[in-house]
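1. I would like to see how this sequence folds:
(chains A and B, ligands or ions: 5)
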Amino acid sequence: MTTDLLVKELVDKNGKCRNSLMPILQGIVQKEHYLSEEAMLAVARELDLSAADVYGTASFYTFLDTVPRGQNIIRVCKTITCHMKGKDEIVNAICNHLKIKVGETTHDKKYTLLTANCLGWCHKGPVMLVNDDVYPDLTPDKALEIIQTYGKEE
Amino acid sequence: MNKYLVNLKINNMPISVEEGTTILDAARQLNLRIPTLCHHPDLSVAGNCRVCVVEVKGARLLAASCATPVSEGMEVFTNSEKVRIARKHIVELLLTEHNADCTKCFKSGNCELQDLATEYRIGDHVFLDIVKPQSKIQDISSPSIVKDDSKCIRCQRCVRTCDELQGLTALAVTNKGDHQKISTFLNKPLNDVVCSTCGQCINRCPTGALTEHTNIEEVWNAIYDPSKFAVVQTAPATRIALGEDLGLTPGERVTGKMVSALKRLGFNKVLDTDFTADLTIMEEGTELLTRLKKILVEKDDSVKLPMMTSCSPGWIKFQEHMYPDLLENLSTCKSPQQMFGALAKTYYAEKINIKAQDMIVVSIMPCVAKKFECERSEMRDSGYQDVDFVLTTRELAMMIKQAGIDFNHIEEEHYDSILGESTGAAVIFGATGGVMEAALRTAYEIVTGREVPFTNLNIQPVRGMDGIKEASIKIKNVKPEWSFLEGVDLNVAIANGLANARKLMEKVKSGEANYHFIEIMGCPGGCLGGGGQPIPTSPEIRKKRAEAIYSEDANMPIRKSHENPEVVEVYEQFLGEPLGHKSHDLLHTHYRPRKRY
Ligand code: SF4
Ligand code: SF4
Ligand code: SF4
Ligand code: FES
Ligand code: FES
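-> Ligands and ions are numbered 1, 2, ... in the order given. Sure thing, here's the model as predicted:
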């Protein structure tokens, strides 16, 4: 489906008012993994907002990406509790395994590695999020195992 | 509806104010100034900078006075120890994130942040300097505006201006936390986005983060270059505002002093855009009557009504972006600045025996969009760039200071001739409704042979600061050649500020409104509130400037454009007739659609 059509569909579903902006942006990210320039322009057009306004909202939310992302987005919590519980080792293990740095996407576009602020699972840190799923109590090995299960899909 | 009065004490002084008044405004009534940064009288309340904090007895936290309404029995302290310390810390914190190189900053001397820092004697930094180096890269893509994020305090006055007053939202708050910044769509250069170049954000930015793209040095070079003949033109609204930047109060008319100062700066000739404002009326008035005739008599639907004025380049660029399907409604007349440039390098150059390539035309404008306009490829009909450089009223004030001219004590002088003669109709171009009034004074007389039926030619219904004005004028007892206009109610509308223009355009598009002629000025209040005018601006200041404009008009010996002797002469000797062949080549233009998103 083209981006334009996707946006139209989401607008039909969520309505044309400004309050629909968030669900529409989320809907696009779900399908396309990020908000392309084209997608943001289409949203601006459909909702009669300025493009800068749409970009302002998109750039505010960590989970609304405005640069291309892989099919699976890994976010390791970087906030203090997880940090003290060894998030660096988790991040390093993933970096070595996928051969990317934080913020990058693998060549095959399967994975993007990011960090996130506190995910609310501090008591079970270190924690990571893969797409919408939370994985607490991580060790480096456990993290790599989990990541591999995502690579196998599709 | 009667408002309740609320009694409170500020710094132990009792006062009663209307319910809903903010502490800030109540304090002002007691002649107490509380410093502000994010607050602006033209904009909604944001309450994000916190420099306006005050202590309210009984409250645990300090309150932002711009965002807190008064309440009965309230006791407020605007300068307690707690307040002073907090305010000083806030300014210090702002400075840690601020590239405070005042000596190199265009805004120095008229900067609200600098004033506060000086007032509180902020010295050695208590906090670390955390200005991000990448924020120091200025966006100079726009011919009108320079954006320097390292000077931005994120007060969001620009964002609210562009949204609330100008209806464009070219700027938005993006990212968050310490990455928060004011940015265009995807951080694109200002020149590549839907920005009208109106400069209203510049007028409301409290710091040097948004300033005009200055051309002062180029103009000095032109003046000093012996091989160049430097001609300057001054827009209507400059003469009633320039004084504000040179120590005078708003509303003082300084026409003669300005002319004299320009001569002392070294311009070879000091001429007047008001002359081409009169010429615009001849062309635009004729164009309106021609359109009416084509539609009403010849049933020719290739021409469009309502016809819309085209003097305001910020409005033109807005329309090109936002309503490209209404471009044919725009009058094809160039703005007075561009008509002047085109005539200066043809008709005038010939008359004074100077080669066009040796002439430099400089404009003094209340506007930064004119800087964009003069660089448009459409504006080269003389064979050269018709207007070489545009300076804002503010830049002219800087040059006058640089030259050491004691503005307040210089003799008044007259504009040079030719291209220096003008009428009262021209000077009111500087106020919202003025072009409409000037056009009606001339068009009504052409059609009926009589003056407009308003006392002293003052067409009150089109005056005033309302965002949108409407009027209807009955045309009666016309001359035989205009019989098709007998009994017609000429419906006109006027908008100032692009958010109002947008409302009006929606009405036109939906067919809800039935106007013949629309005047739009891109800036609030018209050019007198232009993006190149002295800072600060406020509704009161603009009202004073408008009063000055109308008294300038009332004091002119000639008050109708078609009676300007130099205008009559330029038609006799050069142009032939309005909308004639030469006019078409030099004084008219076309527009181009631009992307809205
Ligand atoms: S913005 Fe104001 S405080 Fe900052 S460098 Fe410029 S003049 Fe100084
Ligand atoms: S110049 Fe005018 S249109 Fe452009 S960003 Fe500033 S306020 Fe908005
Ligand atoms: S650019 Fe100026 S007006 Fe806009 S947020 Fe920054 S300091 Fe405030
Ligand atoms: S610190 Fe990591 S989940 Fe809270
Ligand atoms: S002026 Fe009141 S919070 Fe900024």
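
2. and residue B:211, what element?
-> strand B:210-212 (DSSP states H and E).

3. quick one: residue B:578 and residue B:286 touch, right?
-> Yes. Counting by Cβ atoms under 8 Å, residue B:578 touches residue B:286, with 3.9 Å between them. Quick note: C-beta positions are derived from backbone N, CA and C, even for glycine.

4. the two - which one has more neighbours?
-> Neighbours per residue (other Cβ atoms under 10 Å in any protein chain shown) separate residue B:578 from residue B:286, with residue B:578 holding more: 22 against 19.

5. mind checking pLDDT for that one?
-> At residue B:578, the pLDDT value in this model is 96.

6. what does residue B:124 give?
-> Taking residue B:124 on its own, its pLDDT is 72.

7. for burial, what's the neighbour tally of residue B:406?
-> Counted with other Cβ under 10 Å, residues neighbouring residue B:406 total 9.

8. distance of it relative to residue B:238?
-> Distance, residue B:406 to residue B:238, using Cβ to Cβ, to the nearest Å: 19 Å.

9. re earlier: tell me if the strand holding residue B:211 is near ligand 3.
-> Yes. Interface with ligand 3: strand B:210-212 contributes residue B:210 (Cβ under 6 Å from any ligand atom).

10. so which residue is dead centre in chain B?
-> In chain B, the residue lying closest to the centroid (Cα atoms, centre = their mean) is residue B:530, at 1.0 Å.

11. got the buried residues for the helix or strand hosting residue B:295?
-> Under the criterion of DSSP H and E, residue B:295 resides in helix B:273-296. Buried positions in helix B:273-296, judged by neighbour count with 16 or more other Cβ atoms under 10 Å in any protein chain shown: B:273-289, B:291-293, B:295.

12. what's the average pLDDT for it?
-> For helix B:273-296, the mean per-residue pLDDT is 96.

13. packing partners for that helix?
-> Helices and strands touching helix B:273-296, by 3 or more Cβ pairs under 8 Å, 6 or more residues apart in numbering or on different chains; DSSP states H and E, are strand B:229-234, strand B:307-308, helix B:336-343, helix B:424-427, helix B:434-448, helix B:565-570, helix B:581-587.

14. residues contacting the closest residue to residue B:448 other than its chain neighbours?
-> Leaving aside its chain neighbours, residue B:448 sits nearest to residue B:478 (5.4 Å; criterion: Cβ to Cβ, 6 or more residues apart in numbering or on different chains). Contact analysis of residue B:478 by Cβ atoms under 8 Å, 6 or more residues apart in numbering or on different chains lists B:447-448, B:485-486.

15. domains for chain A, by residue range?
-> For chain A, automatic domain parsing gives the domain ranges A:3-60, A:72-151.

16. looking at these, which is nearest to residue B:101?
-> Closest to residue B:101 of those is domain A:3-60 (Cβ to Cβ; 27.9 Å).

17. and the closest residue to residue B:127 other than its chain neighbours, how far from residue B:173?
-> Once flanking residues are discounted, residue B:127 sits nearest to residue B:96: 4.2 Å by Cβ to Cβ, 6+ apart. Using Cβ to Cβ, residue B:96 is found at 20 Å from residue B:173.

18. still on that earlier bit, format the domains of chain A as CSV; extra columns: mean neighbour count and distance to ligand 5.
-> Below are the domains of chain A laid out as CSV (neighbours: other Cβ atoms under 10 Å in any protein chain shown; distance: least, Cβ to the nearest ligand atom, whole Å):
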stretch, mean neighbour count, distance to ligand 5
domain A:3-60, 18, 20
domain A:72-151, 17, 27
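
19. hmm, back to that, and the helix or strand just after the strand holding residue B:211, what's buried?
-> Remark: after strand B:210-212, the chain's next helix or strand is helix B:216-224, criterion DSSP H and E. Of all the residues in helix B:216-224, those buried under the rule 16+ other Cβ under 10 Å are B:216, B:219, B:222-223.

20. model confidence for the residue with the largest distance to the centre of chain A, exactly?
-> The centre of chain A is farthest from one residue, residue A:48, which by Cα atoms, centre = their mean lies 26.1 Å away. Predicted confidence (pLDDT) for residue A:48: 94.

21. ok, now how distant is it from residue B:384?
-> Residue A:48 is 42 Å from residue B:384, where distance means Cβ to Cβ.

22. related to what we said a few turns ago, for the closest residue in space to the residue farthest from the centre of chain A that isn't next to it in sequence, grab phi and psi.
-> Closest residue to residue A:48 apart from its sequence neighbours, by Cβ to Cβ, 6+ apart: residue A:16 at 7.7 Å. Here is the backbone geometry of residue A:16 (degrees, to the nearest 10): phi -100, psi 0.

23. quick check: residue A:16 touching residue A:43?
-> No. Applying Cβ under 8 Å, one finds residue A:16 not in contact with residue A:43, separated by 10.8 Å.

24. got the contact list for residue B:495?
-> By Cβ under 8 Å, 6+ apart, residue B:495 lies in contact with B:432, B:467-469, B:501, B:503-504, B:518-521.

25. show me the contact partners of stretch B:435-445.
-> The contact list for stretch B:435-445 (Cβ under 8 Å, 6+ apart) reads B:277-278, B:280-282, B:284-285, B:288-289, B:309, B:311, B:425-426, B:428-429, B:450-452, B:457-459, B:462-463, B:473, B:475, B:490, B:492, B:494, B:517, B:519, B:521, B:559-562.

26. mind redoing it with 6 Å?
-> Contact with stretch B:435-445 is made by B:281, B:285, B:309, B:425, B:428-429, B:452, B:457, B:459, B:462, B:492, B:494, B:519, B:560-562, as judged by Cβ atoms under 6 Å, 6 or more residues apart in numbering or on different chains.

27. what's the mean pLDDT across whichever strand or helix holds residue B:472?
-> Assigning secondary structure by DSSP H and E places residue B:472 in strand B:468-474. Per-region confidence: strand B:468-474 scores 96 on mean pLDDT.

28. all strands for the stretch 401-550 of chain B, in order.
-> Remark: strands assigned in the stretch 401-550 of chain B by DSSP state E, counting those that start in this stretch are B:468-474, B:489-496, B:517-521.

29. most tightly packed of the ones you listed?
-> Comparing the strands of the stretch 401-550 of chain B by mean neighbour count (mean count of other Cβ atoms under 10 Å in any protein chain shown), strand B:517-521 ranks first with a mean of 28.

30. and the angle for that one with helix B:273-296?
-> Interaxial angle of strand B:517-521 relative to helix B:273-296 (axes from the mean of the first three to the mean of the last three Cα atoms, to 10 degrees): 150 degrees.

31. strands paired with strand B:517-521, and their directions?
-> Using DSSP bridges, strand B:517-521 pairs in its sheet with strand B:307-308 (parallel), strand B:489-496 (parallel).

32. same for the worst-scoring helix or strand of chain A on mean pLDDT, what does it pack against?
-> Taking mean pLDDT, DSSP states H and E as the measure, chain A has helix A:140-152 as its least confident helix or strand, at a mean of 91. Counting contacts by 3 or more Cβ pairs under 6 Å, 6 or more residues apart in numbering or on different chains; DSSP states H and E, helix A:140-152 is packed against helix A:87-98.

33. how far is the helix it packs on from where the chain is centred?
-> Here helix A:87-98 is found 18 Å from its chain centre; the criterion is Cα atoms, centre = their mean, to the nearest Å.

34. try stretch B:196-207
-> Centroid displacement of stretch B:196-207 relative to its chain, using Cα atoms, centre = their mean, is 10 Å.

35. same check, this time on stretch B:288-307
-> That offset, for stretch B:288-307, works out to 31 Å (Cα atoms, centre = their mean).

36. looking at the buried residues of helix B:216-224, which one is closest to ligand 3?
-> Here the nearest of the buried residues of helix B:216-224 to ligand 3, counting by Cβ to the nearest ligand atom, is residue B:216; it sits at 21.4 Å.

37. wait, isn't that closest one in contact with residue B:394?
-> No. Counting by Cβ atoms under 6 Å, residue B:216 stays clear of residue B:394, with 10.1 Å between them.

38. so residue 109: helix, strand or coil?
-> The chain I'm using is chain A. At residue A:109 the chain is in coil, as set by DSSP: H, G, I helix; E, B strand; the rest coil.

39. could you do chain B instead?
-> Classification of residue B:109 by three-state DSSP places it in coil.
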